[in-house]
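Participant: here is my input; please provide its structure:
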Amino acid sequence: MATHPLHPAIVHLPLGLLASATIADVAHLAGLWREPRYAAWLMAWGLGWALVAMAAGLYDFGRLRSEIVPNALRHMGAMGLAALGYAVTLYLRRDTLAAGLEPPTLSVALSIVSGLVLALGGWFGGELVYRFGAGRIDA
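Facilitator: Numbers count the residues shown, from 1 in each chain. Below is the predicted model:
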């Protein structure tokens, strides 16, 4: 385990939670899901686990080959922006959560934008591993 990067192994949980939050928002917006707090809970858990994934990513970042660092910075920037967007989205819902009220429109819009940025950041992360061989022992 000491020779393998930790970050790629743990990112799937926060990615899945945050993407599911956006899907829950879209389903609620479309009238397919009636519980407005579900997305907020997914965001809160996703952001918590994202902090763990970010810490592991920073550790693994120090072990990258210098020629792929610019690609890693793109990945980090996109994922950081997505996390910030989800955090703002969650903050905008703070007054509506306890009462179970509809989330503010801006909050839902930001959730969708954050989901798109999350997907882009995930793409950049996949490029790091599959195209540039980040984390490979022989690379």
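Participant: only C-alpha atoms for contact and neighbour calcs from this point on.
Facilitator: Fine.
Participant: alpha carbons only: can I get stretch 6-19 in CSV?
Facilitator: Taking C-alpha atoms only, stretch 6-19 is exported to CSV below (Å, rounded to 0.1, in the frame of the first residue of the first chain):
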residue,chain,number,x,y,z
LEU,A,6,-4.2,6.7,-1.9
HIS,A,7,-6.1,9.5,-3.7
PRO,A,8,-7.4,7.5,-6.7
ALA,A,9,-8.7,4.8,-4.3
ILE,A,10,-10.9,7.1,-2.2
VAL,A,11,-12.2,9.8,-4.7
HIS,A,12,-15.1,7.7,-5.8
LEU,A,13,-17.1,8.2,-2.6
PRO,A,14,-17.1,12.0,-2.6
LEU,A,15,-17.6,12.0,-6.4
GLY,A,16,-20.6,9.8,-6.2
LEU,A,17,-22.1,11.7,-3.3
LEU,A,18,-21.7,15.1,-4.9
ALA,A,19,-22.9,13.9,-8.3
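Participant: A78 contacts L118, correct?
Facilitator: Yes: with contact defined as CA atoms under 8 Å, A78 counts as touching L118 (6.8 Å).
Participant: got a list of contacts for the helix or strand harbouring G126?
Facilitator: Using DSSP states H and E, G126 falls within helix 105-126. For helix 105-126, the external contacting residues (CA atoms under 8 Å, 6 or more residues apart in numbering) are 15, 18-19, 21-22, 25-26, 71-72, 74-79, 81-83, 85-86, 88-90, 92-93.
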